[in-house]
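In: Predicted coordinates and the sequence they were generated for:
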Amino acid sequence: NSSTGAIESIATVDSDGLTVDVTQDWGYYSSFDTKGEQKSGAYIFRPRTPREQMHDILPKAGKAKVHKTDLVMEVSMEFEQPWVKQVTRLYYGQPYVEIEYTIGPIPIEDCVG
C-alpha cells in the first residue's frame, strides 16, 4: 500500500496470476521493571501491566524499495522503529514467500527495552 507502506497482497510473478491477501504486524510490549519483583527475562515474559496493549510498529510510507531480477522480486521495508528491518522475497516459479527480518539491537536507555 503506497500510503501506509504495508504489504497487503502478494501476487505470483508467473503467468497463473494468483493473488493472496496478506496482513502482517510487528509490535512489542513494554516489560515489567519494578525493584524487588520478578522482571521479564530470557524465560519469563512479564508485561508492564496486566492489561498491557501491544505497541504497533508501522512501516514507513513511501520507504519500501522493490528490486527485481530474473530470479526474484524483493521488497525491503523501513519501519518507524529503526531496529526493525524486513526483506520479503518472491522467487519466480516457487510456491512460497521468503521473509527475512532483523530485530535489534533494541535500545535499553529507557529501562523498558
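Out: Sure thing, it's come through.
In: isn't Arg48 right next to His55, touching?
Out: No. Assessed by CB atoms under 8 Å, Arg48 is found out of contact with His55, at 10.6 Å. No exception for glycine: its C-beta is placed from N, CA and C like everyone else's.
In: which residues do those two both contact?
Out: 29-30 (CB atoms under 8 Å, 6 or more residues apart in numbering).
In: shouldn't Val72 be in contact with Leu90?
Out: Yes. Contact criterion CB under 8 Å: Val72 and Leu90 qualify, at 6.8 Å.
In: neighbour-wise, which of those two wins?
Out: Set Val72 next to Leu90 and count neighbours by other CB atoms under 10 Å: Leu90 wins out with 17 against 14.
In: Checking the more buried one next. Helix, strand or coil?
Out: Recorded secondary structure, Leu90: strand (DSSP: H, G, I helix; E, B strand; the rest coil).
In: Need the pLDDT of it.
Out: Leu90 is assigned a predicted lDDT (pLDDT) of 89.
In: before we move on, which element is the closest residue to it other than its chain neighbours in?
Out: Among residues not flanking Leu90 along the chain, Met73 sits closest, at 4.9 Å (CB to CB, 6 or more residues apart in numbering). Using DSSP states H and E, Met73 sits within strand 72-78.
In: Any chance you could list what contacts that strand?
Out: For strand 72-78, using CB under 8 Å, 6+ apart, the contacting residues are 5, 7, 13, 59-60, 63-68, 85-92.
In: Walk me through which strands it pairs with, and which way each runs.
Out: Strand 72-78 pairs in its sheet with strand 65-68 (antiparallel), strand 84-91 (antiparallel), by DSSP bridges.
In: How far off centre is the helix or strand just after the last one?
Out: Per DSSP H and E, strand 84-91 leads on to strand 97-103 as the next helix or strand towards the C-terminus. Relative to the centre of its chain, strand 97-103 is centred 8 Å away, using CA atoms, centre = their mean, to the nearest Å.
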